[in-house]
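Enquirer: Coordinates for the following, if possible.
(chains A and B)
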Amino acid sequence: MSDNVVFHAEHITKTFPGVVALQDVALSLTAGSIHALLGENGAGKSTLIKAMTGVHRPDSGTMTLAGAPFAPHTTRDAIAQGIGVVHQERNLIPRFSVAENIFLETLSDHPFRPVDYGQLNRDARRWLDLLEIDEDPATPVDRLSVAKMQLVEIAKALSLDSKILLLDEPTASLTPHETDTLFAILRRLRDDGASLVFVSHKLEEVQEICDRVTVLRDGRNACESRSLGGLGRQDIVRLMIGRSEQVPDWTLRDRAGNAPALELEGVATSLGHRDVSLTVHKGEILGLYGLVGAGRSELAKAVVGKDRVTAGTVRVNGEAAKITSVAEAVERYRIGYISEDRKEEGLILIHSVLENVGMPIWRRLSGFASLLTRGTVRSHTEPFIRKLEVRTPSLEQHVGNLSGGNQQKVSVAKWLAAEVEVLIVDEPTVGIDIKTKAYLHELLRELSDRGTAVLLITSDMPEMIALADRIVVMSGFRTKGEIANTRDYDDVSHGIMELIQQEDEAAA
Amino acid sequence: MIRTLLQTDWFGPLLVTVAGIAVVTVFSPNFLSPYNVQILLLAISANAMIAFSQMIIIAIGQMNLSVGAIGGLAAIAFAGMMEVWGIPWPLAAVLALGIGLLAGFANGVLVAVTGISAFVITLATLSAYKGMNLGITEAQPFYQIPEIVKTLGNETFLGPLPWLVIPAVLVTVLLWYLLFRLPLGRAILAVGGNPHAAELSGISVSRIVVVAHAISGLLAALGGIMFVGRLQQGNPSIGDGWLILSFAAPVIGGALLSGGHVSVAGTLIGVVIVAIITQVLAVFSIDPFLVQVLLGLLILWAVGLNRLREVHAQRQAAAAARPA
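Expert: Below you'll find the model as predicted:
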């Protein structure tokens, strides 16, 4: 096996301020193989991909490609040396033809040599035939389906003599039929000796098409370049979720007897959720667990009125609620949502701490003639900012200059100031150092002790077991059932896996 | 056949143009008189340079607010060099074109190096170039224009065809060849279509941005020189009213303001439509301020139409993707 290693990386370490993203990670890819790269959010998977594609440079460790040392400085560099990447987002020039997109690279070498479109189209035929793309090479790519655009990107990568082909979530926007076609092509490429890396959250697909696997967890190898043979789905999930040594010793709480704060019953949404039922009681933390792609964040967005609930009942404080906008969710129903993507959806980075925290309550605080004084905002927000110990030189500091942990505290302070009764937190500690993480955990616990209902979405199993009172399991945009959190790691993870497993059998 | 034609950018506007001319000719038969055609062609030739100057920047998904300022600076430089220094007109024209090229190059370098949006950069240079113009001229026109320049700027060489048509046709063909046949032009459109993908395909985005701005400056200068010939003076106010037209014509011609898609033929027809409207209002002695209002409505209409076509194309692509 070792003689046909195409790419090899070892002892890769990469740290970002406050976080160790990769620690001593190894990966080796062989010819004629489809290698699965797995890991939950924050496990270091994307950092490793970025190291391979020249976006980040590892702090230490070595990489070799086809036997030669490989240390790309830029993405261009990595591509030129033979790393072909098909990203999740499309990287084609929309109005250009299929053929021109495939050969854009070679064309740009000679800016003043006229393009011979006839020749270009004939050359493209070869790749289109290889990948069984039944399209005229002269067709503009924006007339193609997403699946075909993806194949064009594969053709583009192959035409560059890529030594390895990295496919990041290639099936995310494909139909099952298109996925089958893609897989048939990938298998053929593998049989012809290509080395492919398959990054996906869909474990069924990984098991269907991959032959080797590397799993990352907490920035380390949970397993390194081993054969997939003999690994069941359950084993893979265990590798991904791992186990924790640091569950805090908090007393078990049973808040199920409290009045319900937010209830969903048989809810369906415009995003494709079906039969979603769950109840969060006052003073309770309800965990919503699922693998990435299970539809958890999407559910949160539908609940706060960003997307539509199409069927079923939503009740807030026992009364049926029809939430049509986020403003209504905040002001009338007092539901706040802390997005997992705090930089894009949670905070306005170029505004001050004070403005960010005060935003949801501006309307409430504005008095006569809608005048809003800084003093009013300050007096309503400062206690919360102090309480959360946001480390900022002043309230005027731009949020973008704070550390990730402090940014997250600002997000929480914002909703505390808004006096929400139901708080939905989505992946609250991704990319946050351990100390701040523990602090945020205490904070959420304390918050619920004082009566706030918390719906916690997290892929971080230790976090889930540390915080949640009960856990609802979600898979394929449906809720699968619920288990009590006994704080016993094996017990709970086993229960969760069983619930996820159920769906597989039902689907089979 | 009709379907394919309808999908091109220039066919719809061309139909509108032909229909418009037909209607106007019915009401005012001498609209197509040789003299009137000559006037129309003069306006179209010079205005086409203005439109192309903006079009090349729209192609990379940016905007150039300084098109008029560059054109004005080149115009007074051209006239001034001939009057003050007595430089022969062809040399003065080349030097003025060089000034335009340089001004555009400076725009491009500033945008590429600082990463500040072209809107802001060209807003600043608009003011700077206009300031230089007024500093040099002290707001007084240069009147000493050689007879030959006046002739070339107004007279015809064949039937109703004015001399100015020659550079206009040449530039149109060359631009088409650049954008649709040469890899350099393809790179310009690729950068506008998806800068990230272009970069990953080995295209230097910043270099392309500089090249596009330099071409834009060159075309604006050519426009300015043509205006000097037409107006028979180096007026410092040349370029002041170019901005709206520079956007209107490419957009009528189907250009996407987000970049990556322009049509040379469509832009030219856009210029023709604007020229006809201006002329018609003059023929029927309607208040010229109405031109501005109409131009505004025309831009809205064209942008809306482009948007509709895009949505339609997306639906078709989506329908094609569904299994039969």
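
Enquirer: switch to C-alpha atoms for all contacts and neighbour counts from now on
Expert: Will do.

Enquirer: which residues sit in contact with the residue of the stretch 1-150 of chain B found nearest chain A?
Expert: Relative to chain A, the nearest point of the stretch 1-150 of chain B is residue B:59 (11.7 Å; CA to the nearest CA). Counting by CA atoms under 8 Å, 6 or more residues apart in numbering or on different chains, residue B:59 makes contact with B:188-189, B:192, B:255-257, B:259-262.

Enquirer: Confirm that residue A:95 sits in a strand.
Expert: No. Per DSSP: H, G, I helix; E, B strand; the rest coil, residue A:95 lies outside any strand segment and is coil.

Enquirer: Return the residues in contact with it.
Expert: Residues counted as contacts of residue A:95 (CA under 8 Å, 6+ apart) are A:140-142, B:193, B:260-261.

Enquirer: Could you point out the longest helix of chain A?
Expert: In chain A, taking DSSP state H as the definition, the longest helix is helix A:489-507.

Enquirer: other SSEs contacting that helix?
Expert: If contacts are counted by 3 or more CA pairs under 8 Å, 6 or more residues apart in numbering or on different chains; DSSP states H and E, helix A:489-507 sits against helix A:461-467, strand A:470-475, strand A:478-484.

Enquirer: Give me the residues contacting the shortest one.
Expert: Okay, so that is strand A:470-475. For strand A:470-475, contacts defined as CA under 8 Å, 6+ apart pick out A:278, A:285-291, A:293-296, A:479-485, A:496, A:499-500, A:503.

Enquirer: Just the buried ones from the residues you listed?
Expert: Taking 16 or more other CA atoms under 10 Å in any protein chain shown as the criterion, what is buried in the contacts of strand A:470-475 is A:278, A:285-291, A:294-296, A:479-482, A:485, A:496, A:499-500.

Enquirer: how does chain A divide into domains?
Expert: Per the record, chain A has its domains at A:2-241, A:247-334+A:421-432+A:456-508, A:343-419, by automatic domain parsing.

Enquirer: now the longest helix of chain A: mean pLDDT?
Expert: The predicted model assigns helix A:489-507 a mean pLDDT of 73.

Enquirer: same check, this time on stretch A:418-432
Expert: If you average the pLDDT values across stretch A:418-432, you get 85.

Enquirer: how long is it from one end to the other?
Expert: With CA to CA, to the nearest Å as the measure, stretch A:418-432 spans 24 Å from end to end.

Enquirer: can you pull the contacts of residue A:127?
Expert: Residue A:127 makes contact with A:155, A:159 under the criterion CA under 8 Å, 6+ apart.

Enquirer: follow-up on the earlier one: least confident pick among the contacts of residue A:95?
Expert: Sorting the contacts of residue A:95 by confidence puts residue A:142 at the bottom, with a pLDDT of 86.

Enquirer: how many neighbours does the nearest residue to that residue once chain neighbours are set aside have?
Expert: Distances taken as CA to CA, 6 or more residues apart in numbering or on different chains put residue A:94 closest to residue A:142, at 4.9 Å, once the chain neighbours are dropped. Neighbourhood size, residue A:94 [other CA atoms under 10 Å in any protein chain shown]: 21.

Enquirer: I'd say residue A:94 and residue A:145 touch.
Expert: No. With contacts defined as CA atoms under 8 Å, residue A:94 does not count as touching residue A:145, sitting 12.0 Å away.

Enquirer: Which positions in chain B make contact with chain A?
Expert: Taking CA under 8 Å from any CA of the partner chain as the criterion, chain B approaches chain A at residues B:181-184, B:187, B:190, B:193-194, B:196-203, B:260-261, B:313-314, B:316-318, B:320-321.

Enquirer: Mind doing that once more with 6 Å?
Expert: B:181-184, B:190, B:193-194, B:197, B:200-202, B:317, B:321 (CA under 6 Å from any CA of the partner chain).

Enquirer: quick one: which of these is most hemmed in?
Expert: Comparing the residues of chain B next to chain A on neighbour count, residue B:190 comes out first with 32 neighbours (neighbours: other CA under 10 Å).

Enquirer: Would you tell me what helix or strand that residue is located in?
Expert: Taking DSSP states H and E as the definition, one finds residue B:190 inside helix B:183-193.

Enquirer: how far is that helix from where the chain is centred?
Expert: Taking CA atoms, centre = their mean, to the nearest Å, one finds helix B:183-193 lying 18 Å from the centre of the chain it belongs to.

Enquirer: What of stretch A:208-227?
Expert: The offset between the C-alpha centroid of stretch A:208-227 and the centroid of the whole chain comes to 18 Å, using CA atoms, centre = their mean.

Enquirer: how about that stretch: buried residues?
Expert: A:209-226.

Enquirer: And the residue nearest to residue A:500 when sequence neighbours are not counted, how far from residue A:294?
Expert: For residue A:500, the nearest residue in space outside its immediate sequence neighbours is residue A:475; the separation is 6.4 Å by CA to CA, 6+ apart. As defined by CA to CA, residue A:475 lies at a distance of 5 Å from residue A:294.

Enquirer: Spell out, range by range, the strands that occur in chain B.
Expert: Using DSSP state E, the strands found in chain B span residues B:156-158, B:161-162.

Enquirer: Which residues does the worst-scoring helix or strand of chain B on mean pLDDT contact?
Expert: Lowest by mean pLDDT, DSSP states H and E among the helices and strands of chain B is helix B:2-7, with a mean of 72. Judged by CA atoms under 6 Å, 6 or more residues apart in numbering or on different chains, helix B:2-7 makes no contacts with residues elsewhere in the structure.

Enquirer: And stretch B:180-190, by the same measure?
Expert: Residues lying outside stretch B:180-190 but in contact with it, judged by CA under 6 Å, 6+ apart, are A:93, A:107-108, A:111-112, A:114-115, B:59-60, B:178-179, B:198, B:260.

Enquirer: As a markdown table, these with distance to residue B:227 would be great.
Expert: Formatted as a markdown table, the entries for these read as follows, by distance: CA to CA, whole Å:
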| residue | distance to residue B:227 |
| --- | --- |
| A:93 | 37 |
| A:107 | 38 |
| A:108 | 36 |
| A:111 | 32 |
| A:112 | 31 |
| A:114 | 33 |
| A:115 | 35 |
| B:59 | 25 |
| B:60 | 27 |
| B:178 | 25 |
| B:179 | 26 |
| B:198 | 37 |
| B:260 | 30 |
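
Enquirer: looking at this, residue A:264 is in a strand?
Expert: Yes. Secondary structure assignment (three-state DSSP) places residue A:264 inside a strand.

Enquirer: coming back round to it: just say which of the strands of chain B is most tucked in.
Expert: When the strands of chain B are scored by mean count of other CA atoms under 10 Å in any protein chain shown, the highest mean neighbour count falls to strand B:161-162 (a mean of 20).

Enquirer: Parallel or antiparallel, list what pairs with that one.
Expert: Strand B:161-162 has the following sheet partners, assigned by DSSP bridges: strand B:156-158 (antiparallel).
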